[in-house]
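# When you get a sec, could you give me coordinates for this:
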Amino acid sequence: MIMKVGEKLLGRKVVRAYPPRDGIQLVRLEAVASFTCSRCAQKKTVRLAAVRGNTLLCNGCYGRVEASPVEAGRPPAATASPSAGVDTRPPSLRTEDLAQVVVEELDNGLPHSVVNTGLTVEWKFHVRAEHLLHGTCPVPAEMADRAAPQEPLDLTFLRGRNRIGILDQQKGAKIRTEGDLPLLTGLTWQPFVLPGTRVSVRWDTWRKLRLAYTPLDKPVVFGGTVVRYAYDPKIMTRELAAFDARVDRVEELVLIALRELGYLDERGRALLPREALLRNTMERAQSERPPANKIDGAIDRLLSRRILTWEEGSVNHAGMLHYPARRGDTPVPLLCYTPALREAEHEELRDDAVAAYSMSAHRVAGHLMRIGHLGKEASPEARAAYREDHKRAGLAGPHELPRGFTYVREHERGI
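Below you'll find the predicted structure:
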C-alpha cells in the first residue's frame, strides 16, 4: 500500500509521504496519533509512522529495519578484502535524497520517569506550546486509571528543588481523555513558563497535585529569552523563534524552517542538509514564495555572519539523518544553527522584594511560537503586532507572519 499526501491514516491526514524503501513507506501525519508498533509491540503516540503492507512500525523500528539487510529483505552487502582494491565506502547521495531526509521527532511532551508507589504517582514532562495554548498537562496512565474523571483537583505550583516556595494555587482542574491521551485540563500556566520548561509532578492524594519547577543555578539567555528554570534546549529551539532584527525576511524564513524541521542535538542545535533546507523553506513560505536563488543567497549571508555554520552528519539507508556522523552511514555536510546561549546579565535580572521565592521580573524578547502542528492559526492581533514590529525593526518586507507561527511581543514577565 502506497500512501499519498491528503489520504488518511489512523484518522489523521497525511501531510508528507516519503518515497517507499524496501516495501516500507514513512509518512508524516497532520497531528499525533496512537498505535502499537508491529515490531517492538510498544504503544507509540507520534506524527511519523512507517507503513509496511497492512502493518505499522514506529519511527525507531523503521530505521532499525532499514539498517538491517536481512529485515529489509535486501541481500547482505558483499565484503571484500582491502587488497582487492574494491571501494567499500557508502555511495554518495543524490540531491533528491538529501532533500528528503527524515528527522526524528521530539517526545510530544508525554510523561516520563513515572514512579507509582501505590500511594503516590510522580512523573516529569517538558511543557510544549500545546499545553500553554490549551491549559493542559499530560497525565500518565498510572494516575488516569485511578483518578475520578469528573472529580476536580487542587493544584499547587512550587519553586525549588525541595519543592518549597508556593508560586500559585489553583482549583477545579479535571482529567479528560483526548483520543488515547489522558490530560489534565483547566490549568492556567504562569506567565514565565516557556515551551521546554521542565515540570515535576506529584499526585499524593485523590484531589491534590503538586507541580514543581527547578530553578537554574544561574539564569541564562537562550535565543534572546531569559530562562530561570530547568529546560530542554531541543524544545526551545523547535517551538520558540526569537524575533531577530539582524536578519531579513528570507533569512528569517530559512532560520524558521531549519529550527522547525532540522535534526536537534542535545544542545538544541538544528541541522539539515542544504538541499533539504532549500526545499523546506520554499514549501513553508505562505505568500510571495522566494525563488531558490534568493534562498541560496540568504543561506550564504547567514554563513558569512556565522549565524549558520557547517557540521558533518550522516544519512542511513532509510534516509534518516544523524549527528554526529555514524559509522557505516553516508557522510553529509549539514547546515547548523546554534542558539545563542549566555549567562544573564545584571540588567536583565531585576530583583524584587520576593525574589527569594518567586519569579523576578525580566524582559522577554519578541518571539515566534510554533502552533501550525496543532492545527492552529495566529490571531489577527498577532499578525498585526508582528507586522508592526517587523517594520519598526527596519527589516526587508514583506512583513507577514510566517505560516504555522504566532507572535508574542516583547514584554515583562514575573510575579
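
# Tell me how many other residues crowd residue 314.
Residues near residue 314, counting by other Cβ atoms under 10 Å, number 20. C-beta coordinates here come from the backbone N, C-alpha and C atoms, glycine included.

# and it, what does it touch?
321, 322, 323, 325, 326, 329, 330, 331, 332 (Cβ atoms under 8 Å, 6 or more residues apart in numbering).

# Check residue 405 too.
Contacts of residue 405 (Cβ under 8 Å, 6+ apart): 241, 256, 368, 369, 370, 371, 372, 378.

# of these, closest to residue 54?
residue 372 (30.8 Å; Cβ to Cβ).

# helix or strand for the nearest residue to residue 323 once chain neighbours are set aside, which one?
The spatial neighbour of residue 323 that comes closest, neighbours along the chain excluded (Cβ to Cβ, 6 or more residues apart in numbering), is residue 313 at 3.9 Å. Assigned by DSSP states H and E, residue 313 belongs to strand 308-315.

# Can you report the mean pLDDT over the residues of that strand?
Mean pLDDT, computed over strand 308-315, is 95.

# could we number from 44 for the rest of this?
Taking 44 as the first residue, the last one we looked at is strand 351-358.

# buried residues in that strand?
By neighbour count with 16 or more other Cβ atoms under 10 Å, strand 351-358 contains the buried residues 351, 354, 356, 357, 358.

# With distance to residue 247 as extra columns, can I get those in a markdown table?
Formatted as a markdown table, the buried residues of strand 351-358 follow (distance: Cβ to Cβ, whole Å):
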| residue | distance to residue 247 |
| --- | --- |
| 351 | 48 |
| 354 | 46 |
| 356 | 45 |
| 357 | 46 |
| 358 | 47 |
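
# in its sheet, what does the strand holding residue 356 sit against?
strand 364-365 (antiparallel), strand 373-380 (antiparallel) (DSSP bridges).

# export the ones you listed to TSV and tack on mean pLDDT, distance to residue 47 and mean neighbour count?
Shown next, in TSV, are the strands paired with strand 351-358 (pLDDT from 0 to 100; distance: least, Cβ to Cβ, whole Å; neighbours: other Cβ atoms under 10 Å):
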stretch	mean pLDDT	distance to residue 47	mean neighbour count
strand 364-365	92	23	21
strand 373-380	95	27	21
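
# Can you say which of those strands is nearest to residue 230?
Using Cβ to Cβ, the strands paired with strand 351-358 put strand 373-380 closest to residue 230, at 31.8 Å.

# Tell me the buried residues in the helix or strand harbouring residue 430?
Taking DSSP H and E as the criterion, residue 430 maps to helix 423-435. Neighbour-count burial for helix 423-435, with 16+ other Cβ under 10 Å as criterion, is recorded at 425, 426, 428, 429, 430, 432, 433.

# Surely residue 68 is in a strand?
Yes - under DSSP: H, G, I helix; E, B strand; the rest coil, residue 68 falls within a strand.

# Next, work out how far apart it and residue 199 are.
Plainly put, residue 68 is 47 Å away from residue 199 if you go by Cβ to Cβ, to the nearest Å.

# okay, the two: which has more neighbours?
Taking other Cβ under 10 Å, residue 68 and residue 199 do not tie; residue 68 has more neighbours (19 against 16).

# I'd assumed residue 92 was in contact with the more buried one.
No - the criterion here is Cβ atoms under 8 Å, and residue 68 misses it with residue 92 at 9.5 Å.

# tell me the domain ranges of this protein?
44-116, 155-259 (automatic domain parsing).

# which stretch in those domains is the model least sure about?
domain 44-116 (a mean of 84).

# Tell me where the stretch 294-443 of the chain is predicted with low confidence.
Counting by pLDDT under 70, the stretch 294-443 of the chain has low-confidence residues at 329-330, 393-409, 416-418, 436-441.

# can you give me the strands in the stretch 144-293 of the chain?
In the stretch 144-293 of the chain, the strands defined using DSSP state E, counting those that start in this stretch lie at 155-159, 164-169, 179-181, 196-202, 209-221, 224-228, 241-246, 251-256, 258-265, 268-272, 283-285.

# before we move on, the earlier item: next, format the contacts of residue 357 as TSV and append distance to residue 450.
Listed next are the contacts of residue 357 as TSV, based on distance: Cβ to Cβ, whole Å:
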residue	distance to residue 450
364	29
365	33
366	30
368	37
369	38
372	38
373	39
374	38
375	34
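
# quick one: which two of those are the most distant?
366 and 373 (13.2 Å).

# Enumerate the beta-bridge partners assigned to residue 352.
Here residue 352, judged by DSSP bridges, has bridge partners residue 379.

# Can you tell me how far it is from residue 378?
8 Å.

# just residue 218 next, same as before
As judged by Cβ to Cβ, residue 218 and residue 378 stand 43 Å apart.

# how far does stretch 354-364 sit from the chain's center?
Its chain's C-alpha centre and that of stretch 354-364 lie 19 Å apart, by Cα atoms, centre = their mean, to the nearest Å.

# And stretch 66-76, by the same measure?
17 Å.

# For burial, what's the neighbour tally of residue 282?
Neighbours around residue 282, by other Cβ under 10 Å: 27.

# Now it. Nearest residue, chain neighbours left out?
Per Cβ to Cβ, 6+ apart, closest to residue 282 is residue 238, 3.9 Å.

# beta partners for the residue nearest to residue 100 when sequence neighbours are not counted?
Using Cβ to Cβ, 6+ apart and skipping residues adjacent in sequence, the residue nearest residue 100 is residue 93, 4.1 Å away. Assessed by DSSP bridges, residue 93 has beta-bridge partners residue 69, residue 100.

# what sits against residue 93?
Per Cβ under 8 Å, 6+ apart, neighbours of residue 93: 67, 68, 69, 70, 99, 100, 101, 102, 104, 105, 108.

# which residues touch the closest residue to residue 290 other than its chain neighbours?
Distances taken as Cβ to Cβ, 6+ apart place residue 298 nearest to residue 290, at 6.6 Å, with adjacent residues excluded. The neighbours of residue 298, taking Cβ under 8 Å, 6+ apart as the test, are 284, 287, 290, 345, 350, 380.
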